[in-house]
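**Q** requesting a structural model of the entry that follows:
(chains A and B)
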There are 2 protein chains.
Amino acid sequence: MQTQIIHFLKHAQGYLSGEEISRHFKISRAAIWKNMQDLRRQGYDIVAVPHLGYQLVSCPDQLIPREIQFELKTKIFGKNIISYDSLSSTMDVAFRSGLEGAQEGTVVCAETQTKGRGRLGRNWTSPKGKGIYMSIILRPSLPPTDVARLTLLGAVAVAEGIQKACGILPKIKWPNDLLINNHKVAGILTEMSAEMDRVRFVVLGVGINVNTPISLLPSNATSLKVESGKTVSRVLLVQEILSSLEFWYESLKTDGFEPVIAQWKELSLTLGQRVQVIDPSGSVEGEAVDLDEHGGLIIRNDSGLRIQRMTGDVIHENVS
Amino acid sequence: MQTQIIHFLKHAQGYLSGEEISRHFKISRAAIWKNMQDLRRQGYDIVAVPHLGYQLVSCPDQLIPREIQFELKTKIFGKNIISYDSLSSTMDVAFRSGLEGAQEGTVVCAETQTKGRGRLGRNWTSPKGKGIYMSIILRPSLPPTDVARLTLLGAVAVAEGIQKACGILPKIKWPNDLLINNHKVAGILTEMSAEMDRVRFVVLGVGINVNTPISLLPSNATSLKVESGKTVSRVLLVQEILSSLEFWYESLKTDGFEPVIAQWKELSLTLGQRVQVIDPSGSVEGEAVDLDEHGGLIIRNDSGLRIQRMTGDVIHENVS
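**A** Have a look, this model is predicted:
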């Protein structure tokens, strides 16, 4: 009911009289007043003027279904949103939801994480209310060997979402980091539950430093607020990312992986650079020349040999 | 305490006086009597003869830690066993245990399953107390692309365990079925939780028709009892399988995948046969000529072309 009242006020874009609200929802003026009081406590700035009625001045920038789903244009992504104030990790909770059969496009998000995860078991700094920490359940018809593609797709979609929400287009550092001015602003993480020959589900994790002050970030990181100089709406950013993800995910089904690779290359910071890739099997040094159809990085070493890597840490050697 | 009493009686291999038991466990004669009554209710046949004491005549053939862990020789496999009377699926429960951090070698087993799973989402018939329905958690250092190897390793280990426990060595039908006289007696299922570039854990599922009467089995299936003409101890069989799994799993770490492949080929019913492999991408017909290093089946079709398949249903064309 409160969600409906908020959406009604949002659509009104001006004052709504108590009488109109009362008629629309078939509730008493006293009940309206009680709901408005309650919504104010939740962070909604609602003014009430005698003879004019109620007006919604501002909404809390909270990652809750009521806010994210308002005028969300997607068909699958974000139709089911599970919001938490605090979680150990959105990845763990989304993974369990996946096991329990949660529908494709389900979003799990939290205002803060106590054990936010990055790639290879690393930590993801998740200060409360400052960033986006969310995990999305996908159920693609892919063999496990093709799932790396979804990491690249995620990077492309999140980069575009960031551009739409705050005007800056990040670059992609292979395989899963988004950088602005050579500092990390977001990361993509994909985990799957799979049989040998088919994926049961994938959890796509997105971590973004949105309004995080520099003092709360690791030394090589930045945030959208630091880079753009203004506070960015997390709700708007999530909406843009969900739209962009859905666009690319649908394109994967109809047009295959080629368009994603092309767009990834367009945004790539890594290709064409001299890099060092460190993974458990050792270190490879050379020029990052291409991305293969599995999402692997192709490095041409100094002997001219082309070497493929599916994992590893990339050091861009000409970046300070 | 009851587990210790049972193990004490088992080691005794004869009568143990109430006095000896009382001294050993520092409990009263009345407490001993109460425990014996309780153990009898759990299916232990314990006779009590005046002046001689207690003797353990037989144990229930139940898949519980007390039975499986008695004189179990493994170091990792089966050190942690979680037994259930009934489960939807041991795969689901093991998967959740894996997410919660269960140690490598943890075994989840059930006397019956209401939604026993086979490969590709198929059903596994699991009548109560008749078969082995268990799932084992592995934490290998493998990229997701190499996990298919564990299915083959599982097939080899379970085939050997069956031979040790009941004298019949099953043949392996690619990728994961064990057959006796061309009828399915067991299946291996592997599922994983993985990031793009590293496996978090694998659940290896083992389903075996042990003492299942033919009337409870699907038409193409058989059981060890049907084939051997005698009741097979499920506890002994689980112990042999855990030993064999540990042996091959350790060999994988020290000697790589080659020995597993060699043994798999030795036991293979599929190689050398004319087969039809049906998978989502279509059907391939020809001779099954080899297994590749990823565990894929190589088929030479009638044009002499070698085609690899990682998944699919195999029809052995010269088998009725």
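
**Q** could you use CA atoms for every contact and neighbour count after this?
**A** Noted.

**Q** can you find the helix or strand in chain A with the smallest mean pLDDT?
**A** strand A:313-316 (a mean of 87; mean pLDDT, DSSP states H and E).

**Q** near chain B at all, that one?
**A** No. Strand A:313-316 lies out of reach of chain B by C-alpha under 8 Å from any C-alpha of the partner chain, never closer than 11.4 Å.

**Q** what about the residue in the stretch 201-320 of chain A that chain B sits nearest to, distance to B:Arg149?
**A** For the stretch 201-320 of chain A and chain B, the shortest gap (C-alpha to the nearest C-alpha) falls at A:Thr311, measuring 5.6 Å. According to C-alpha to C-alpha, to the nearest Å, A:Thr311 stands 20 Å off from B:Arg149.

**Q** can you check A:Phe201 too?
**A** With C-alpha to C-alpha as the criterion, A:Phe201 and B:Arg149 are 21 Å apart.

**Q** stretch A:130-141 close to chain B?
**A** No. Using C-alpha under 8 Å from any C-alpha, we find that stretch A:130-141 stays clear of chain B, coming within 10.4 Å at best.

**Q** what sits up against that stretch?
**A** Stretch A:130-141 is contacted from outside by A:77, A:90-91, A:94-95, A:98, A:102-113, A:126, A:198-212, A:234, A:238, using C-alpha atoms under 8 Å, 6 or more residues apart in numbering or on different chains.

**Q** and chain A, which residues reach chain B?
**A** Counting by C-alpha under 8 Å from any C-alpha, the positions of chain A adjacent to chain B are A:92, A:96, A:99, A:119-120, A:144-145, A:147-148, A:189-198, A:310-311.

**Q** any stretches of the stretch 151-300 of chain A with poor pLDDT?
**A** Within the stretch 151-300 of chain A, not a single segment meets pLDDT under 70.

**Q** list the buried residues in stretch A:168-182.
**A** A:168-180, A:182 (16 or more other C-alpha atoms under 10 Å in any protein chain shown).

**Q** okay, these in a markdown table with secondary structure next?
**A** Below are these laid out as a markdown table (DSSP: H, G, I helix; E, B strand; the rest coil):
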| residue | secondary structure |
| --- | --- |
| A:Ile168 | coil |
| A:Leu169 | coil |
| A:Pro170 | coil |
| A:Lys171 | strand |
| A:Ile172 | strand |
| A:Lys173 | strand |
| A:Trp174 | coil |
| A:Pro175 | coil |
| A:Asn176 | coil |
| A:Asp177 | strand |
| A:Leu178 | strand |
| A:Leu179 | strand |
| A:Ile180 | strand |
| A:Asn182 | coil |
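
**Q** which one's more surrounded, A:Phe201 and B:Arg149?
**A** A:Phe201 (26 against 20; other C-alpha atoms under 10 Å in any protein chain shown).

**Q** mind telling me what element that one is part of?
**A** Secondary structure assignment for A:Phe201, by DSSP states H and E: strand A:199-209.

**Q** just checking, what packs against the helix or strand following that strand?
**A** Next in sequence after strand A:199-209, counting helices and strands by DSSP H and E, comes helix A:224-228. For helix A:224-228, not one helix or strand is in contact under the criterion 3 or more C-alpha pairs under 8 Å, 6 or more residues apart in numbering or on different chains; DSSP states H and E.
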